[in-house]
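K.L.:
Below are the sequence and a predicted model for it; my questions follow.
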Amino acid sequence: MNIISQKSYAKINLNLNITGKTKNIHKIQSIISLISLYDQVTIKQIDNRRHQILFKGKFSKKISNKNTIYKTLNILDKKKLLKKKYLVIIKKNIPIRSGMGGGSMNAATLIKIFMKNKIIKLNKKTLQYIHNSIGQDLKLGFYKNLMYLNSNNTVKTLNKKAKYYLLLFMPKYGCSTKYIFSKVKRYSKPLKNIKNKFNNLGSLKNDLQDIVIKKYPELKKPIEFLENQPGINFVKMTGSGSCFVAYSKSRNSIINSFKKFRKNYPKYWSVLSKTI
């Protein structure tokens with residue numbers, strides 16, 4: 001077969017409410033958008049006894065051997081859905097432990113490649129099993145538009161558009177999702193009429209942000225710096241961190257803020273992006 005390649009887009013949480021907890025996971029309400037930052041997932045059939053996985057790019061280091069791609073291929077093999085072996089190459093542009101769902105989105109993209117090219121067929125039961133095994137973010141990779149994750153763990157596509165230019169930044173360290181969620185002691189009241197919140201997205205919060213800032217108080221300064229830049233509507237963390245996002249309706253404003261940010265905070269990873 002020929003080499004097949006597909007973009008694996010990052011996601012950001014425009015808000016994140018922790019409304020409670022079941023036995024295994026926290027209940028989350030979140031408005032989610034895909035953004036233009038992406039990894040590249042490439043596959044090629046190989047004549048080998050085992051699959052091969054290769055990570056390339058700036059953020060290819062420190063990825064566990066038992067990563068989301070490994071787990072996905074392992075599940076598909078156990079279910080006897082893959083008749084051949086494949087080389088899977090991931091070019092990592094999305095930082096790990098950033099809160100942008102890079103690993104889960106990579107796994108979702110791999111599954112979509114297999115399904116689109118009729119290499120595998122998945123029923124809802126098997127797909128749900130993969131979701132439960134890999135992580136709940138995986139299901140987000142199967143939606144294209146603005147999404148709403150409800151506290152009952154269902155995802156809906158919203159007939160809304162959140163058009164923002166973005167400045168993403170994060171320190172050289174990432175946040176442990178397990179640790180950050182372990183520090184949640186209080187729960188928010190569930191939001192009602194979520195579609196009516198779009199006129200004031202800046203007022204919505206990420207309940208995990210204060211936990212991250214308490215652990216890493218040095219993050220306050222770059223956040224405040226961007227909040228005070230002309231044309232920046234609001235700044236908030238995505239997921240469980242440690243990536244923060246500055247939102248603007250103005251392309252020129254976000255570019256100017258980006259130049260200033262890089263000059264003042266050169267040790268932080270930063271990049272421009274936009275909602276899609």
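P.N.:
Done, it's in.
K.L.:
Show me what counts as buried in the lengthiest strand in the chain.
P.N.:
The single longest strand within the chain, with elements called by DSSP state E, is strand 26-46. Neighbour-count burial for strand 26-46 flags 26-35, 37-43 (criterion: 16 or more other CB atoms under 10 Å). C-beta here means a position set from N, CA and C on the backbone, and glycine is covered the same way.
K.L.:
mind listing what's buried in stretch 242-255?
P.N.:
So for stretch 242-255, counting by 16+ other CB under 10 Å, buried means 242, 243, 244, 245, 246, 247, 248, 253, 254.
K.L.:
who's in contact with it?
P.N.:
Applying CB atoms under 8 Å, 6 or more residues apart in numbering, the contact partners of stretch 242-255 are 12, 95, 97-100, 163-171, 173-175, 201-202, 212, 216, 219, 222-223, 226-227, 229-238, 257, 272.
K.L.:
repeat that for 7 Å
P.N.:
Contact partners of stretch 242-255, identified using CB atoms under 7 Å, 6 or more residues apart in numbering, comprise 12, 95, 97-100, 164-171, 173-175, 212, 216, 223, 226, 230-238, 257, 272.
K.L.:
Sort out for me which of these are in strands.
P.N.:
12, 165, 166, 167, 168, 169, 170, 234, 235, 236, 237, 272.
K.L.:
which residues does residue 87 bridge with?
P.N.:
residue 44, residue 52 (DSSP bridges).
K.L.:
and residue 48, how many neighbours does it have?
P.N.:
11 (other CB atoms under 10 Å).
K.L.:
Surely it and residue 85 touch.
P.N.:
Yes - the pair residue 48 / residue 85 is scored as a contact, 4.9 Å apart, by CB atoms under 7 Å.
K.L.:
what separates residue 84 from residue 50, distance-wise?
P.N.:
Using CB to CB, to the nearest Å, we find residue 84 at a distance of 12 Å from residue 50.
K.L.:
Just give me the neighbour total for residue 24.
P.N.:
6.
K.L.:
Actually, residue 131.
P.N.:
18.
K.L.:
my read: it touches residue 137, true?
P.N.:
No - if you go by CB under 7 Å, residue 131 and residue 137 don't touch, sitting 9.1 Å apart.
K.L.:
and the buried residues of stretch 242-255, which of them are in helices?
P.N.:
Among these, the members falling in helices (DSSP state H) are 253, 254.
K.L.:
Where is pLDDT lowest across the buried residues of stretch 242-255?
P.N.:
Taken together, the buried residues of stretch 242-255 show their lowest pLDDT at residue 242, with 94.
K.L.:
now that residue, nearest residue through space, not along the chain?
P.N.:
Closest residue to residue 242 apart from its sequence neighbours, by CB to CB, 6 or more residues apart in numbering: residue 175 at 4.5 Å.
K.L.:
pLDDT score assigned to residue 161?
P.N.:
Residue 161 is given a pLDDT of 82.
K.L.:
Could you look up the SS state of it?
P.N.:
Put simply, residue 161 is coil when judged by DSSP: H, G, I helix; E, B strand; the rest coil.
K.L.:
Next up, the contacts around it.
P.N.:
Counting by CB under 7 Å, 6+ apart, residue 161 has contacts residue 146.
K.L.:
where's the longest strand of the chain relative to the chain centroid, distance-wise?
P.N.:
6 Å (CA atoms, centre = their mean, to the nearest Å).
K.L.:
Hey, what's the angle from that strand to strand 165-170? Just curious.
P.N.:
90 degrees (axes from the mean of the first three to the mean of the last three CA atoms, to 10 degrees).
K.L.:
helices or strands up against strand 26-46?
P.N.:
Secondary-structure packing of strand 26-46 (3 or more CB pairs under 7 Å, 6 or more residues apart in numbering; DSSP states H and E): strand 4-13, strand 17-21, strand 85-91, helix 102-116, strand 147-149, strand 269-274.
K.L.:
Give me the neighbour count for the nearest residue to residue 220 once chain neighbours are set aside.
P.N.:
Nearest non-adjacent residue to residue 220, counting by CB to CB, 6+ apart: residue 213, 6.2 Å away. For residue 213, the neighbour count with other CB under 10 Å is 17.
K.L.:
tell me the pLDDT at residue 213?
P.N.:
96.
K.L.:
Alright, calling it a day.
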